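[1] When you get a sec, could you give me coordinates for this:
(3 chains)
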Amino acid sequence: MSAAELAEITALTLRVGAVATAAILLPAVALGLLLARRSFRGKALVQALIALPMVLPPVAVGLALLLLLGRRGPFGGLWSALGIEIVFTWWAAAIAAGVVGFPLLARASEQAFAAVDPRYERLARTLGLSPLQAFLRVTLPLAQRGVLYGALFAFTRALGEFGATALVAGILPGRTETLALGIYSRVQLGEDGGALALCAASFALALAAMLVAEGWLGKAAKPPRSEPQASEVHKNRPQASGVLSDQTHTPGRDAERGDR
Amino acid sequence: MSEPSTQLRVELARGDFSLDVDAAWNERVAVIFGPSGSGKSTLLEAVLGLAPEARARIRLGGTWLDGPGRGERLRPEQRRLGWVPQDALLFPHLTVERNVRFAAGHGAAPAGSAAFARAIEALEIGDLLGRRAHELSGGERQRVAIARSLASGPRALLLDEPLASLDLPLRARVLRHLLRVRDELEIPLLWITHDPDEAQVAGDVVIVIERGRVVASGPPREVLWSRAVLPLSEALGLENVIDARVVSSGSHECSVETARGLSLVLPVALPIGERVCLSLRAHDVLLSADPPGRVSARNVLPARVERIELAQGDALVTLDAVEPLVAKLTAGAIERLALRPGSQVYALIKAQTLRRIA
Amino acid sequence: MRSAGFALALVAIVSKPAGAEDLLVAAAVSLREPLETIARRFESEHAGVRVQLAFGASSTLAAQARAGAPLDVFVAADEESVDSLAAAGLVREGSRRLLAGNQLVVIASRDLRVPLERAADLARPEVRRIALPERAVPLGHYAREWLAGRGLLDTLTPRLVTTEHARATLAAVDAGNADAGIVYATDARVARSARVAFVPPAAEQPRIAYVATLVTRARTPALAERFIAALAGPDARRVLVAAGFAPPPGEPPR
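    Got it, this is the predicted structure:
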């Protein structure tokens, strides 16, 4: 396998992954926010439907997409009339990658938003912010890490997508041959060298993604609990010590300095 | 007769709990007092505009927040109320400075740095500006939260259990500080608490809430010792509050005197001239019908019984011991000592039971 | 947060998709080596043109074309695959060209110890697994037709290991995962460790024909036509013969 070929396949894979992730970003995060903040009838059903592309076999997802997007499915006439060709193009690969990554991002976002105390947003409201401003300046920054983790996982899932992509986009070199599809077809052809080269590229991408996750996102580690929480225990004990509890007063100084 | 400047009429049902509050007052500083679960937080939400399902008519310091007419309900971001939540709730992703500046430019907050500078100064947090919430102590967080509210130029300040999340030794200090801030402000203040100490000293009027209903309202002393509030005493612990000044001091103790001349001994050395605010639990006051002989209590005060209120086996005895005092005894004790209004007794108070709250 | 978006955008810019002067040619996998040679020559003779080759089982490629794959030229290992496209209205009338023929051979894994000299030997107990593609694939069809003709299909069916296409069959025997297999003579020439066990006599060989056709959805039909003409031309024929392909069936042998 030539370096150019390796580069082309890797670049195509990255492009498919990037476009897929960018496309699902807003809807998945918005859906995650909705699920985290509201309860409504049928919420469990919605959550189950969102999880489907994650729990179904990827080829089943691919078949569904083939029917939806292809010329032989129920919308075939529509696509022909509009002159739109989706299947077996690069777009189909991106759609397949996006669909399988969507549940990862939606659920990660839901968890991230649910972990943010809603009181922060309400407090921001009382300080004069509209609901949207409060979301953007408080909730989103606080949920940011979880959402980005979700996006990263959706991205890596998109990079490795095979089953759905094989059905709906085929293995067309230069157009839809991603790393995963390339490995498969080379194994079928007995080209182990080429297959291994693509494996190495996949490994490198996956490693890079995980390092980004740890280094870039993981470094903003949770702040240490600097207050010794043992003080909580004292709160409800009946006060036995009376005036003695305030012995550290020194005249003339700001009383708070001796706090810690 | 003009309408009171503050009116709270709130009706609200949530699950098993229902709130039906009707109270009004003119004083600037009011305390909402009640045990946990009584509805104080829910009431606060309604005042802040965060309980849209409530039926409310709310006027605070002369301004209608939920007016009588249709469409006179202000959205939360329009109310310009300074909410200081119970655990400060500083935005964890921002520094102290950005927390305090948070409201700048939004809504009706004055965008100028004057409000910011004043708030920093009043709460003395100037050297904390670069830090984050998790690097601050409980008391510092509290001060930053108040500064944040003040910097937004609120038309009223709402303190939600300001001392509840602080360590006990801290509370006296922070309370002193808060009372100073209170005095420097001119805007209305709503102080929510379940602590009788605070209820006594924080406000000019106390509204007592229990199970979603107003049980009593009026000046602190009156309200907190009234019969209506007696059933709460188990949950709250009624307190005596005594203001005094240190008149003499030894190596391990000092003597304080109230304005009316009542003298008490405290088991700690304090500087002469220092002002103290002491609290004494009603059930820590012993009564003796006869002059006590040698007893361990440092303070033995002659007193006259003014009033006795009985409820559920307990008796609340109001005394005149130069200063008004309340003692809690059993009904049986009243009988045994044959106490009646007018009886002369001696109140015995151990020095250690006098707590300094400010 | 912002740098994430930036990185994403940067990645998206890399690698442009197919351009206008590109031909997408789908061909039976056995044509791999000669077709690559022919395609490179075509590119060098037509500046700015890129010929993209997709190889696979003819039946799979035809199915993809029917489902909407944007092929310009289709080269199949049997007429049936092209017929299926024609039935879907995807073949330009009169554009079919017969390119070459081929032969079936039986290959054996390097590790097989028993002799494999004629069809009946395939029934030996030591030949536990026999690789060939599934029935829909041209080679799979040809191979089963031959086995049926020898009366061996039913006996051997339990030992058949189906693969995706001719080269996958070869790879399976090369790797020792199958004891024997049936592939084209041209495939056996690129085997790594598998060896040709025997070649069925001419009388038993099926009619194998490689057909090229223009797909009606082609974006640049003129260019596609020129490519097909090149495929049918003398230079291409030399390349095919050098790779071991037979002349198209029906042509008198040279």
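[2] Adjacent strands (with direction) for the helix or strand harbouring residue B:191?
    Assigned by DSSP states H and E, residue B:191 falls within strand B:189-193. Strand B:189-193 pairs in its sheet with strand B:29-33 (parallel), strand B:156-160 (parallel), by DSSP bridges.
[3] Please enumerate residues in contact with it?
    B:28-33, B:40-41, B:44, B:47, B:60, B:156-164, B:182, B:198-199, B:202-203 (CB atoms under 8 Å, 6 or more residues apart in numbering or on different chains). Every residue, glycine included, has its C-beta placed from N, CA and C.
[4] One more: stretch B:317-328?
    So stretch B:317-328 is in contact with B:221, B:225, B:233, B:238, B:240, B:242, B:258, B:260-262, B:280-283, B:285-287, B:301-309, B:314-316, B:329, B:334, B:339, B:345, B:347, going by CB under 8 Å, 6+ apart.
[5] list the buried ones in it?
    B:317, B:318, B:319, B:321, B:322, B:323, B:324, B:325, B:326, B:327, B:328 (16 or more other CB atoms under 10 Å in any protein chain shown).
[6] Same question for stretch B:71-89.
    B:73-74, B:76-77, B:79-86, B:88-89.
[7] Show me the subset of those that also lies near chain A.
    B:76, B:77, B:79, B:80, B:81, B:82, B:83, B:85, B:89 (CB under 8 Å from any CB of the partner chain).
[8] Now the fourth one: closest residue in space, sequence neighbours ignored.
    When you say that, I think you mean residue B:80. Using CB to CB, 6 or more residues apart in numbering or on different chains and skipping residues adjacent in sequence, the residue nearest residue B:80 is residue B:155, 4.8 Å away.
[9] how close does that neighbour get to chain C?
    35 Å (CB to the nearest CB, to the nearest Å).
[10] where does chain C dip in pLDDT?
    C:1-20, C:252-254 (pLDDT under 70).
[11] what's the distance between the longest helix belonging to it and the middle of its chain?
    For chain C, the helix with the greatest residue count under DSSP state H is helix C:32-45. For helix C:32-45, the distance from its own C-alpha centre to the chain's C-alpha centre is 16 Å (CA atoms, centre = their mean, to the nearest Å).
[12] Identify the residues contacting that helix?
    Helix C:32-45 is contacted from outside by A:189, C:25, C:27, C:49-51, C:53, C:55, C:75, C:167, C:190, C:227, C:230-231, C:235-236, C:239-240, C:242-243, C:245, using CB under 8 Å, 6+ apart.
[13] one more time with 6 Å
    C:27, C:49, C:51, C:53, C:55, C:230, C:236, C:239, C:240, C:243 (CB atoms under 6 Å, 6 or more residues apart in numbering or on different chains).
[14] Remind me which helix or strand the fifth one belongs to.
    If I follow you right, that is residue C:55. Going by DSSP H and E, residue C:55 is in strand C:50-56.
[15] and the helix or strand following that strand, anywhere near chain A?
    Using DSSP H and E, the helix or strand that follows strand C:50-56 in sequence is helix C:58-67. Yes. Helix C:58-67 is in contact with chain A by CB under 6 Å from any CB of the partner chain, via C:64, C:67.
[16] For helix C:58-67, name the packing helices and strands.
    Counting by 3 or more CB pairs under 6 Å, 6 or more residues apart in numbering or on different chains; DSSP states H and E, the packing neighbours recorded for helix C:58-67 are helix C:79-87.
[17] quick one: residue B:355 and residue B:277 touch, right?
    No. Using CB atoms under 6 Å, residue B:355 is not in contact with residue B:277, being 9.6 Å away.
[18] More neighbours: these two, which one.
    residue B:355 (22 against 19; other CB atoms under 10 Å in any protein chain shown).
[19] The more buried one pairs with what?
    Those that pair with residue B:355 in a beta bridge, by DSSP bridges, are residue B:279.
[20] and if you look at residue B:206?
    residue B:31, residue B:218.
[21] Closest approach to chain C from the stretch 201-350 of chain B, which residue is it?
    Residue nearest to chain C within the stretch 201-350 of chain B: residue B:202 (43.2 Å; CB to the nearest CB).
[22] gap between that residue and residue B:157?
    Residue B:202 sits 12 Å away from residue B:157, going by CB to CB, to the nearest Å.
[23] okay, the two: which has more neighbours?
    Per other CB under 10 Å, whichever of residue B:202 and residue B:157 has more neighbours is residue B:202, with 26 against 21.
[24] close enough to count as contact, that one and residue B:30?
    No. Residue B:202 is beyond contact range of residue B:30, at 9.0 Å (criterion: CB under 6 Å).
[25] which residues of the chain fall in helices?
    You didn't pick a chain, so chain A it is. Under DSSP H, chain A gives helices at A:3-37, A:43-55, A:58-69, A:76-82, A:90-114, A:118-126, A:131-134, A:140-160, A:163-169, A:179-188, A:192-212, A:231-234.
[26] wrong one, I was asking about chain C
    Under DSSP H, chain C gives helices at C:2-13, C:32-45, C:58-67, C:79-87, C:138-149, C:153-156, C:166-174, C:185-188, C:221-232, C:234-242.
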